[in-house]
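1. no sequence on this one, just coordinates:
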């Protein structure tokens, strides 16, 4: 009997522990519904390894405008209608402005400096203030000469190498944002800085999206394991060192140029001019500039490539857009001043952003720092909040024929992207691609104007049609449901035929690029500021 007592004590002590463990992974009372869970893991085994946006759309149809997934002990509420996003992320933005505990992505990879994953607090509020100040509508317009130059090279390159349209668009987008961020162009996709940056960005996204990273986020005990048991930790630490070295190099190069009087107007220069006033260190500034470059490089290119795919699949939209261009601007090329006079082109921007959102699940989840009521449910404190962009943008109750590319659905909607995103009436919002609440994309003005110039000038110059099968001569149509996987996505690689609409327009492209190159030095960098360029704080 004496030998039995210690075991009885152990069993009695284990019972409450096992009971508590069995509750891990369960949805909390009064939470929005969701798919069945299993103990400890919750819904982790039901999360698909690819095309997660399609599964979220199916769950939204089954469980309603907000549904709960349990990532082990971590609740995640997926907001899948415009009303749900408005009610939770906009109206309760004071308590849903938080980020979850992204241990690997924020603390290890970002070293606590990455704006996208940074929790709310003084440091993030300073980052946000600086981003908004230096990317507002007025400052964004001052960067139009950079946009125009990259657009001119893009159009010329498409004339020379039309089959490489995806690479050409990616180079143009990256060069625009290196110009805006550091005042330095990326004239070729072989540029060593571009190669290094893209390589590190791809590696960062791979680590952030890995299942091991996700498990370390939701099961904190894993963080105490030695690195040899979780090799991804070593990878993340190594990548952080490389990224910090690169961003500080870019930052210090700009600082030296500014000190010597050779800096071009750019985001980093504006930050350097604010540094003494705001009191932040070089690493803070270097990462904020690097984050701006990260945010712009892939997203704008992905939208433009999505637009090319839409033109291949929906030729009627292309005809209508080109008819408007021919009627309004005629034989001259469109400029940013034509934006208000080209309503159908503006509809194409909205429809492209709706139809091919770059972040189908939002850039990163928000999180609740307090309980939030929604309809008859209570979203628990600490829950992650996902802006289910793909499902909302394809909601048939808001968009007739949502899988079709139909710019005319926006005719009469004259709001710019920022106005629409902040509209009091959520039924009037065009799409949710730029996010919601206080984490709304700060680069919204730059994105809209660069998409306008890209779409308008490509359609003025080129006709876009499907490639033909060399044997059957039948059109090779891309599958619009096939996206690349990741935080930022785009259509899977596809083919298209891009040809000048007339010899005269092809000649105009050559002439414009020849003239534009006079502004560049032997390294294809800006010789001078360029007409219209200015420092934010220097007239």
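-> Arrived safely, thanks for sending. No experiment lies behind these values; they were computed from the predicted model shown.

2. list the contacts for residue 132?
-> residue 442 (Cβ atoms under 8 Å, 6 or more residues apart in numbering). C-beta here means a position set from N, CA and C on the backbone, and glycine is covered the same way.

3. can you pull out the helices in the stretch 251-400 of the chain?
-> 267-278, 282-313, 315-328, 343-355, 389-393 (DSSP state H, counting those that start in this stretch).

4. which residues does stretch 49-61 contact?
-> 34-35, 47-48, 67, 69, 78, 80-81, 360-361, 386, 388, 390-391, 394, 481, 483, 485.

5. quick one: residue 368 and residue 380 touch, right?
-> Yes: here residue 368 reaches residue 380: they are 7.1 Å apart, a contact under Cβ atoms under 8 Å.

6. more neighbours: which of those two?
-> Legend: neighbour count by other Cβ atoms under 10 Å for residue 368 and residue 380, higher for residue 368 (22 against 19).

7. which non-adjacent residue is nearest the more buried one?
-> Residue nearest to residue 368 in three dimensions, not counting chain neighbours: residue 383, with 5.1 Å by Cβ to Cβ, 6 or more residues apart in numbering.

8. burial count for the one you found?
-> Number of residues near residue 383 (other Cβ under 10 Å) recorded here: 26.

9. confirm residue 70 sits in a strand?
-> Yes: the assignment for residue 70 is a strand, going by DSSP: H, G, I helix; E, B strand; the rest coil.

10. show me what contacts it?
-> Residue 70 is in contact with 25-27, 34, 37, 42-44, 76, counting by Cβ under 8 Å, 6+ apart.

11. can I get those in a markdown table with pLDDT, neighbour count and secondary structure?
-> Converted to a markdown table, the contacts of residue 70 look like this (pLDDT from 0 to 100; neighbours: other Cβ atoms under 10 Å; DSSP: H, G, I helix; E, B strand; the rest coil):
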| residue | pLDDT | neighbour count | secondary structure |
| --- | --- | --- | --- |
| 25 | 65 | 20 | coil |
| 26 | 84 | 16 | coil |
| 27 | 88 | 20 | coil |
| 34 | 95 | 23 | coil |
| 37 | 93 | 20 | coil |
| 42 | 92 | 27 | strand |
| 43 | 92 | 20 | coil |
| 44 | 90 | 20 | helix |
| 76 | 95 | 20 | strand |
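
12. and those, which is closest to residue 98?
-> Checking the contacts of residue 70 against residue 98 with Cβ to Cβ, the nearest one is residue 76 at 13.4 Å.

13. from residue 135, how far off is the closest residue to that closest one other than its chain neighbours?
-> Once flanking residues are discounted, residue 76 sits nearest to residue 384: 4.1 Å by Cβ to Cβ, 6+ apart. Distance of residue 384 to residue 135, given as Cβ to Cβ, to the nearest Å: 27 Å.

14. pretty sure residue 410 is touching residue 430, no?
-> Yes: using Cβ under 8 Å, residue 410 makes contact with residue 430 at a distance of 6.4 Å.

15. residue 503: which of the helices of the stretch 251-400 of the chain is closest?
-> helix 315-328 (16.3 Å).

16. quick one, strands of the stretch 1-150 of the chain?
-> Along the stretch 1-150 of the chain, the stretches classed as strands by DSSP state E, counting those that start in this stretch are 66-71, 74-79, 98-99.

17. so who does residue 310 touch?
-> 317, 351-352, 355-356, 405.

18. out of these, which two sit at the greatest distance?
-> Across these, no pair lies farther apart than 317 and 356, at 13.1 Å, counting by Cβ to Cβ.

19. quick one on the thing from earlier: buried among the contacts of stretch 49-61? Need that as a selection in PyMOL.
-> In PyMOL, this line selects whichever of the contacts of stretch 49-61 come out buried by 16 or more other Cβ atoms under 10 Å:
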select buried, resi 34+35+67+69+78+80+81+360+361+386+388+390+391+394+483
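
20. of the helices of the stretch 251-400 of the chain, which is nearest residue 216?
-> Across the helices of the stretch 251-400 of the chain, closest to residue 216 is helix 282-313 (Cβ to Cβ), at 21.7 Å.

21. can you list the buried residues in that closest one?
-> Quick answer for helix 282-313 (16+ other Cβ under 10 Å): 284-313.

22. circling back: shared neighbours, residue 410 and residue 430?
-> residue 350.

23. about what we covered before: could the helices of the stretch 251-400 of the chain be laid out in JSON lines, adding distance to residue 524 and mean pLDDT?
-> Compiled in JSON lines, these are given as follows (distance: least, Cβ to Cβ, whole Å; pLDDT from 0 to 100):
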{"stretch": "helix 267-278", "distance to residue 524": "20", "mean pLDDT": "92"}
{"stretch": "helix 282-313", "distance to residue 524": "18", "mean pLDDT": "93"}
{"stretch": "helix 315-328", "distance to residue 524": "29", "mean pLDDT": "98"}
{"stretch": "helix 343-355", "distance to residue 524": "29", "mean pLDDT": "97"}
{"stretch": "helix 389-393", "distance to residue 524": "37", "mean pLDDT": "96"}
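
24. got those helices as JSON lines, with distance to residue 170 columns?
-> Listed next are those as JSON lines, based on distance: least, Cβ to Cβ, whole Å:
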{"stretch": "helix 267-278", "distance to residue 170": "20"}
{"stretch": "helix 282-313", "distance to residue 170": "5"}
{"stretch": "helix 315-328", "distance to residue 170": "22"}
{"stretch": "helix 343-355", "distance to residue 170": "16"}
{"stretch": "helix 389-393", "distance to residue 170": "22"}
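
25. rebuild the strands of the stretch 1-150 of the chain as a markdown table, extending it with distance to residue 492.
-> Formatted as a markdown table, the strands of the stretch 1-150 of the chain follow (distance: least, Cβ to Cβ, whole Å):
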| stretch | distance to residue 492 |
| --- | --- |
| strand 66-71 | 26 |
| strand 74-79 | 24 |
| strand 98-99 | 30 |
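
26. looking at these, spot the one closest to residue 325.
-> Nearest to residue 325, of those and by Cβ to Cβ, is strand 74-79 at 37.7 Å.

27. what's the angle from that closest one to strand 66-71?
-> Put simply, strand 74-79 runs at 150 degrees to strand 66-71, going by axes from the mean of the first three to the mean of the last three Cα atoms, to 10 degrees.

28. the helices in the stretch 1-150 of the chain, which residues?
-> For the stretch 1-150 of the chain, the helices defined by DSSP H, counting those that start in this stretch cover 4-23, 52-63, 82-85, 122-134, 137-142, 144-160.

29. got a markdown table for those, with distance to residue 451 too?
-> Written out in a markdown table, the entries for those read as follows (distance: least, Cβ to Cβ, whole Å):
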| stretch | distance to residue 451 |
| --- | --- |
| helix 4-23 | 48 |
| helix 52-63 | 22 |
| helix 82-85 | 22 |
| helix 122-134 | 19 |
| helix 137-142 | 12 |
| helix 144-160 | 10 |
